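**Q** sequence? don't have it. structure:
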């Protein structure tokens, strides 16, 4: 199965990079929302 051994690492790397970007964006939005809530007068 040379095709699987060649393609699988690229798919795994793409999924891993996408997951890291998703987590980074999620925590960034969470932090931004928290900062906005703290800075608002309410």
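**A** Arrived safely, thanks for sending. Fair warning: this is a prediction, and the values are worked out from it, not measured in the lab.
**Q** ranges for the strands of the chain?
**A** Read by DSSP state E, the chain holds no strands at all.
**Q** so where is it shaky, pLDDT-wise?
**A** Within the chain, the set of residues satisfying pLDDT under 70 comprises 1-4, 41-42.
**Q** where exactly do the helices run in it?
**A** Secondary structure of the chain, counting by DSSP state H: helices at 2-39.
**Q** Tally up the residues packed near residue 23, please.
**A** Number of residues near residue 23 (other Cβ atoms under 10 Å) recorded here: 10. Quick note: C-beta positions are derived from backbone N, CA and C, even for glycine.
**Q** which ones are touching it?
**A** Neighbouring residues of residue 23 by Cβ atoms under 8 Å, 6 or more residues apart in numbering: there are none.
**Q** can you tell me how far residue 8 sits from residue 15?
**A** Relative to residue 15, residue 8 is positioned 11 Å away (Cβ to Cβ, to the nearest Å).
**Q** same deal with residue 7?
**A** Using Cβ to Cβ, residue 7 is found at 12 Å from residue 15.
**Q** what residues are shared contacts of these two?
**A** When Cβ under 8 Å, 6+ apart defines a contact, no residue borders residue 7 and residue 15 alike.
**Q** Could you report the neighbour count for residue 17?
**A** Around residue 17 sit 10 other residues, with neighbours defined as other Cβ under 10 Å.
**Q** same check, this time on residue 39
**A** The number of residues packed around residue 39, counting by other Cβ under 10 Å, is 7.
**Q** same question, residue 19
**A** Neighbourhood size, residue 19 [other Cβ under 10 Å]: 10.
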